[in-house]
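Participant: How does the following fold in three dimensions:
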Amino acid sequence: MDPKPLAELDFSDVELLLEGDTPVVSIEGLESKVKQQVGQILATAATALSADWTAIYLLDDETQNLILIDQCSQSDRFQQADEIRNLKYSTADLEALTGHVVMLESSQRMEYWNAPVNARAGICVPLISNDIPMGTLWFSFENELEATQHRSALCEVIADRVVDYLTHRLAPSNSQKHSDMADLAKRWQHSRLAQTHFKIDGWDIQGWINPEAPVHHSFYDWQSGDHGVDISIAQAQGLSIEAALTAAVIQTGVRATSHEFLSPADTLERVNEYLWRGCTGDQFADLCQISLDKNSPQVTFSNAGSGILLSVTKDGIQELAVNEAGPELGVMDYGEYENQCCVTQQGEFLILLTENAFQ
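Facilitator: Predicted structure coming up:
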C-alpha cells in the first residue's frame, strides 16, 4: 500500500496493515489545534537550527516502533520520510533514547545510523519525560554539519519544549499511567532497602536515600555476621527503570556472596563476573563495598567506579583512596579490584556517597 499520513488511514487501510503484520499504533490522533501547535514548534526549530527537515517520532505502546507524528520541510525530497520505523533497526534513535544527542555530520553517517531520510547531515535528539523515553526529534540538513556544543544544547532545549507540550496536550492519561508505575517502582525499591539505622559494638550505621527521587538509580545495604558487618552502596547507569533494574541485580549479587565472608575486593570481582556473564552487556554500575570488623578499628574497603568515601575526624574531612577505584561493574570481565584500609577512632565518622547522592 502507498504511504499515507497516520491521520488519513481508514478502516480498509488498517485491515491491510494487520494482514501485512505491520503494527498499528494506539497513539490517539492529534486534534487539529494540537497538530497545528506541533507544526509551529517544528517550523520554529527548523529556523533556529537552519534545518531543511524536522520531524517528531513517538514510540508506540509496545515500544517496538517509532511513529512519525509530524514533519516540517520546504523540500519535496524530504516528504518521503518513513512513517513507521522498527525501533530495533533505528540505530541513531536507539542511541539517542539512552539520553544522548546523536550528531550525524555526513551522508555516510546518516546511512550507517539508519536515519529516516536521505540527507547530507542530521541530528537525533531524545524526547524523554520523567526519565521515560517518548520518542525522538529529528533535524536533517542539505549541507554537512559541524558538531558544536552550542548546537547540541539548542537541540535539547527544543526537545524539552516538545516534550512539555506533548505530555500536557497529547497523552495526559499516559502521563498518569507512567506516574502510577513510577510510584509502584518507588515503593518496591524502598521495600528492598536495609533498615535506616543499625548498631553493632563500636559502630552506629545509618543510611539515607533521596525520598524525592521518583525512581532510584542507587541503593544501600548491609549484612551482619559473626565477623562484623559488610556495607554496600551502589549507583547504576541508564534511564530510570533500566537503572533501577540494574541496581536490583547488583544488590542481589552482593547478597548472594554474603555467606562466603569474602573481602570487599573479592565481592566486587564476584558481582562484576555475575553482571558480565549473566546480563545483556549494557548494564553498568558503581559499587563500593566496606567491611567492618567488630573486634578491630580497621576498616577494609574496595571501590568500583565513582563512589566517594569520606573520613571525618577532629582534623577535618578527607577523601580516602582518591583515584584508586577500579573500573565500573560490567565494563570488563575482570576488574582487578584492590582492598584499601583505614583505621578509625571513637567519635570519628565514615561517610559513603554515590556520585549523584543529592540529585
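
Participant: hey, what's F198 bridged with?
Facilitator: When assigned by DSSP bridges, F198 has beta-bridge partners I205.

Participant: what about it, distance to I128?
Facilitator: 37 Å (C-beta to C-beta, to the nearest Å). All C-beta atoms are positioned from the backbone trio N, CA, C, and that covers glycine.

Participant: Could you check which of these two has the larger neighbour count?
Facilitator: A count of neighbours by other C-beta atoms under 10 Å puts I128 above the other of F198 and I128, at 20 against 15.

Participant: mean confidence score for the host helix or strand of that one?
Facilitator: In this structure, I128 sits in strand 121-129 according to DSSP states H and E. For strand 121-129, mean pLDDT is 92.

Participant: What of stretch 338-358?
Facilitator: Here stretch 338-358 scores 84 as its mean pLDDT.

Participant: Any buried residues in that stretch, and which?
Facilitator: Under the neighbour-count criterion of 16 or more other C-beta atoms under 10 Å, stretch 338-358 has Q340, C342, T344, L350, L352, L353, T354, A357 buried.

Participant: distance of the residue most central in space within the chain from V215?
Facilitator: By C-alpha atoms, centre = their mean, the chain has its centre lying nearest to L239, at 1.7 Å. Distance of L239 to V215, given as C-beta to C-beta: 9 Å.

Participant: Can you check which residues contact both of these two?
Facilitator: Jointly contacting L239 and V215 under the rule C-beta atoms under 8 Å, 6 or more residues apart in numbering are D131.

Participant: So which residues make contact with the helix or strand hosting T257?
Facilitator: Here T257, judged by DSSP H and E, is contained in helix 240-257. Helix 240-257 has contacts (C-beta under 8 Å, 6+ apart) with 130-132, 182, 185, 189, 192, 214-219, 221, 223, 232, 234-238, 267, 270-271, 274-275, 279, 283-285, 287, 289, 329.

Participant: angle of that helix against strand 121-129?
Facilitator: If you take axes from the mean of the first three to the mean of the last three C-alpha atoms, to 10 degrees, helix 240-257 sits at 70 degrees to strand 121-129.

Participant: For helix 240-257, buried residues please.
Facilitator: Buried residues in helix 240-257, counting neighbours by 16+ other C-beta under 10 Å, are found at 240-244, 246-247, 249-251, 253-254, 257.

Participant: Repeat that for stretch 54-69.
Facilitator: Buried, per 16+ other C-beta under 10 Å, within stretch 54-69: T54, A55, I56, Y57, L58, L59, D60, N65, L66, I67, L68, I69.

Participant: Same check on stretch 223-242?
Facilitator: Buried-residue list, stretch 223-242, by 16+ other C-beta under 10 Å: 228-242.

Participant: Farthest-apart pair in these, please.
Facilitator: G228 and L239 (36.5 Å; C-beta to C-beta).

Participant: which residues sit in contact with the closest residue to L262 other than its chain neighbours?
Facilitator: Of all residues beyond its chain neighbours, the one nearest L262 is R270 (6.5 Å), with distances taken as C-beta to C-beta, 6 or more residues apart in numbering. Listed by C-beta under 8 Å, 6+ apart, the contact partners of R270 are G253, T257, L262.

Participant: which one among these gets closest to S50?
Facilitator: Nearest to S50 among those is G253, at 49.5 Å by C-beta to C-beta.
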